[in-house]
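Undergrad: got a sequence here, can you model it:
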Amino acid sequence: MSQVSPKKSKIWPILTLATLAFFLVAGIYFVVAQTRESKRLERALIERYDWASNYTPPIDGSVPPQRVERFIRVRQAVQPNCADYQSILDDLIGLKSIEENQEMPTAKKVSKSIGGVVNVFSVAPKFLEFMETRNRSLLAQEMGLGEYIYIYLAAYGEQLANEPASAYSSMDEAYISPRARDEFVQILGNQLAALEVAGPEGSPEGLVADLRGEIEALEDGSHSSPWPNGPTGRTRESLA
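TA: Next up, the predicted model:
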């Protein structure tokens, strides 16, 4: 078993911190520039299509095929960014395991940690790249954030709810779920309000009750993800 002296065990955290500081300073300029561009594109989306929470889906929940096609094009555009971010999350888990490994030689810890730290410092730039790519694609496909969120969570809610817990599931929860759930609840509320205005003649059977039940479940936390058993009625048919 490899023995690490107390003196050596303190070296690799110092080197890691020095590397962190270097990449922090070096990355500030790029993060600031990316943030400005991401915000500019987000403002353009809001000016053209309004805030996401103000989106009202078709009252029967159907998603026209041409809108599904545009949504798919947006998803295809962001797939490389999603893969990059997944890799960074894996590196975060890897850094923790390196730190806890008492048998790994100090030199090897330093080498592995530096590689992981470099990737970890890509979190903000990579996330901003994702936002920029997504927003550019939404503008190109003439789709607002509200419609995108509605289709995304209707299409993937069941999958998200049934995924086994992962080592970084809490990280995903931190930046995706609260805002997305809040906006989705408001979007469903807009749909429900439109249905109530239309009256019984304009409402597919059972849809009002389904929407009320889903809104309540999301608000009280009994559903961590929208439609854990899949969307209902014409929404399900549209996305099949």
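
Undergrad: quick check: closest non-adjacent residue to residue 75.
TA: residue 152 (8.0 Å; Cβ to Cβ, 6 or more residues apart in numbering). From N, CA and C alone the C-beta is placed, and that goes for glycine too.

Undergrad: the helix or strand hosting the one you found: which residues count as buried?
TA: Per DSSP states H and E, residue 152 falls inside helix 145-162. For helix 145-162, a neighbour-count test (16 or more other Cβ atoms under 10 Å) marks 145-158, 160 as buried.

Undergrad: name the residues that touch that helix?
TA: Helix 145-162 is contacted from outside by 42, 45-46, 49-55, 57, 63, 67-68, 71, 74-75, 134, 138, 180, 183-184, 187, 223-231, 235, 239, using Cβ atoms under 8 Å, 6 or more residues apart in numbering.

Undergrad: which ChimeraX command selects the buried ones in those?
TA: In ChimeraX, the members of those classed as buried (16+ other Cβ under 10 Å) are selected with the following command:
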select :42,45,49,52,53,55,57,63,67,71,74,75,134,138,180,183,184,187,223,225,226,227,228,231,235,239
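
Undergrad: in helices, which of the contacts of helix 145-162 fall?
TA: 42, 45-46, 49, 67-68, 71, 74-75, 134, 138, 180, 183-184, 187, 235, 239 (DSSP state H).

Undergrad: for this protein, name the helix or strand with the lowest mean pLDDT.
TA: helix 169-175 (a mean of 39; mean pLDDT, DSSP states H and E).

Undergrad: before we move on, the earlier item: send me the helix holding residue 152 as CSV with only the CA atoms.
TA: Output of helix 145-162 as CSV, limited to C-alpha atoms (Å, rounded to 0.1, in the frame of the first residue of the first chain):
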residue,chain,number,x,y,z
LEU,A,145,-38.8,29.7,-25.1
GLY,A,146,-42.3,29.0,-23.8
GLU,A,147,-43.2,26.7,-26.7
TYR,A,148,-39.8,25.0,-26.4
ILE,A,149,-40.2,24.3,-22.7
TYR,A,150,-43.8,23.1,-23.2
ILE,A,151,-42.8,20.6,-25.9
TYR,A,152,-39.6,19.6,-24.1
LEU,A,153,-41.2,18.7,-20.8
ALA,A,154,-44.3,17.1,-22.4
ALA,A,155,-41.9,14.9,-24.5
TYR,A,156,-39.3,14.1,-21.9
GLY,A,157,-41.2,14.5,-18.5
GLU,A,158,-41.8,10.7,-18.3
GLN,A,159,-38.2,9.9,-19.0
LEU,A,160,-36.9,12.5,-16.5
ALA,A,161,-39.2,11.2,-13.8
ASN,A,162,-38.2,7.5,-14.3
